[in-house]
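Peer 1: Next comes the sequence, and after it the predicted model I'd like to discuss.
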Amino acid sequence: MVDSVVFRYMKEEDLDQILEVEHASFATPWSREAFYNEIYNNKFAVYIVLEEDDKIIGYCGAWVVIDEAHVTNLAILPYYRGKKLGEALLRKMMTVAKDMGARRMTLEVRVTNNVAQSLYRKLGFQNGGIRKNYYTDNQEDALVMWVNI
């Protein structure tokens, strides 16, 4: 893992860099407006950024509703992948969600994304079901995973 990383909450000034990470990571990236709305209009949303030398290299978002947290997105810039930063970021989000009162966490992952599934299983997530045709870019199914936190 990179030693000089910092975790902090996302703010509006981060959106240009967040969109860089988003576009480098997803086939159907979220818009600036979507992230703006998460920051200002979604009372359930919490977003954490991962920085190295004041550069955002990853982020994770979740909705914490009563005692459940739903991970909305988790992304690391391609250059920084494979350095256990995604794991560190998700562990941090699990802690933040737990501190906010969540007892369980869930997420969806592409059924073909074995690398991500392996990470989630390492952190205790278990299969919970399938959402058919979940991804709009290719109608791929999503595996729903859950963990107690």
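Peer 2: Ah, there it is.
Peer 1: which SS class is residue 75?
Peer 2: Here residue 75 is recorded as strand under DSSP: H, G, I helix; E, B strand; the rest coil.
Peer 1: Tell me which residues touch it, please.
Peer 2: The contact partners of residue 75, taken as C-beta atoms under 8 Å, 6 or more residues apart in numbering, are 21-22, 24-26, 58-60. C-beta here means a position set from N, CA and C on the backbone, and glycine is covered the same way.
Peer 1: Report the separation between the residue most central in space within the chain and residue 62.
Peer 2: The centroid of the chain falls nearest to residue 74 when counting by C-alpha atoms, centre = their mean (2.3 Å). Using C-beta to C-beta, to the nearest Å, residue 74 is found at 9 Å from residue 62.
Peer 1: any chance of the contacts of residue 75 in a markdown table, plus pLDDT, secondary structure and neighbour count?
Peer 2: Below are these laid out as a markdown table (pLDDT from 0 to 100; DSSP: H, G, I helix; E, B strand; the rest coil; neighbours: other C-beta atoms under 10 Å):
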| residue | pLDDT | secondary structure | neighbour count |
| --- | --- | --- | --- |
| 21 | 98 | helix | 23 |
| 22 | 97 | helix | 20 |
| 24 | 97 | helix | 13 |
| 25 | 94 | helix | 17 |
| 26 | 92 | coil | 13 |
| 58 | 98 | strand | 25 |
| 59 | 98 | strand | 26 |
| 60 | 98 | strand | 25 |
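Peer 1: Nearest to residue 10 among those residues?
Peer 2: residue 59 (6.3 Å; C-beta to C-beta).
Peer 1: got the contact list for the residue nearest to the centre of the chain?
Peer 2: 58-61, 86, 89-90, 93, 107, 116.
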